[in-house]
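Asks: Compute the structure for the input listed below.
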Amino acid sequence: MRKVINALAIFTLLLVAGCNTPAKSPLVNWNDRIGNYTYNLALQDLGKPVNSTTLPNSSIVADWRTASAKPGSPDTLDADAEGGYVIPRLQENPTPLDTGPTPNRYLRLTFGPDGKLTGWKKYSQYHQP
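Replies: Numbers count the residues shown, from 1 in each chain. The predicted structure is shown next:
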C-alpha cells in the first residue's frame with residue numbers, strides 16, 4: 001500500500017511539474033498578448049509566415065503553419081497463399097485501418113497599423129492539389 005501511495009505522490013509531482021510550461025510553449029494565451037505583441041516579435045518567435053497580407057489601412061494579416069498535414073495510412077493488408085488479401089487481427093495491426101488524413105494547422109495573427117496584435121485565430125485546411 002505504501003508503494004502505491006509513493007507512486008501516486010511521484011505521479012502527482014510529475015504532473016504538476018509538467019503543467020509549468022515555458023514561455024516558448026505552443027500553449028500560448030494569445031488573448032493576453034493582444035495590444036502588446038508585435039509583428040516583429042512574431043517574426044522572431046515564429047519565423048517567416050507562410051502567407052501575409054498588408055491591408056489598405058496598413059494592418060498585417062499573417063499565417064504560420066503550426067502542424068503539417070499527414071496523408072491517411074493505407075489499408076494494411078497481407079497476401080495469403082492464394083494471392084488474396086487477409087485483414088490482420090486487431091492485435092497484429094498497430095495502425096487502425098482507414099486512418100484518415102490530417103489537415104495542415106495554422107495560426108493567423110492580425111496586427112494593427114501600429115504593428116501590435118489585434119486578433120488571432122487557429123484554423124485547419126487540407127492540402128489542395
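Asks: Name the nearest residue to residue 34, ignoring sequence neighbours.
Replies: Among residues not flanking residue 34 along the chain, residue 117 sits closest, at 5.2 Å (C-beta to C-beta, 6 or more residues apart in numbering). In this view, the C-beta of every residue, glycine as well, is placed from N, C-alpha and C.
Asks: go on, residue 126?
Replies: Nearest non-adjacent residue to residue 126 (C-beta to C-beta, 6+ apart): residue 103, at 4.6 Å.
Asks: Tell me who's in contact with residue 109.
Replies: 30, 37, 39, 42, 61-62, 64, 117, 119-120 (C-beta atoms under 8 Å, 6 or more residues apart in numbering).
Asks: And it, which helix or strand is it part of?
Replies: Under the criterion of DSSP states H and E, residue 109 resides in strand 104-111.
Asks: What of residue 61?
Replies: strand 60-67.
Asks: which parts of that strand are buried?
Replies: 60-65 (16 or more other C-beta atoms under 10 Å).
Asks: from those residues, which is closest to residue 107?
Replies: In terms of C-beta to C-beta, no member of the buried residues of strand 60-67 lies closer to residue 107 than residue 64, at 4.9 Å.
Asks: Check the gap between that closest one and residue 56 for me.
Replies: Residue 64 sits 23 Å away from residue 56, going by C-beta to C-beta, to the nearest Å.
Asks: can you give me phi and psi for the residue nearest to residue 126?
Replies: phi -80, psi 170 (degrees, to the nearest 10).
Asks: That one - how many residues pack around it?
Replies: 15 (other C-beta atoms under 10 Å).
Asks: Which pLDDT value belongs to it?
Replies: Per-residue confidence at residue 103 stands at 84 (pLDDT).
Asks: What distance do you get for it to residue 44?
Replies: Residue 103 is 27 Å from residue 44, by C-beta to C-beta.
Asks: what's the answer for residue 109, then?
Replies: With C-beta to C-beta as the criterion, residue 109 and residue 44 are 13 Å apart.
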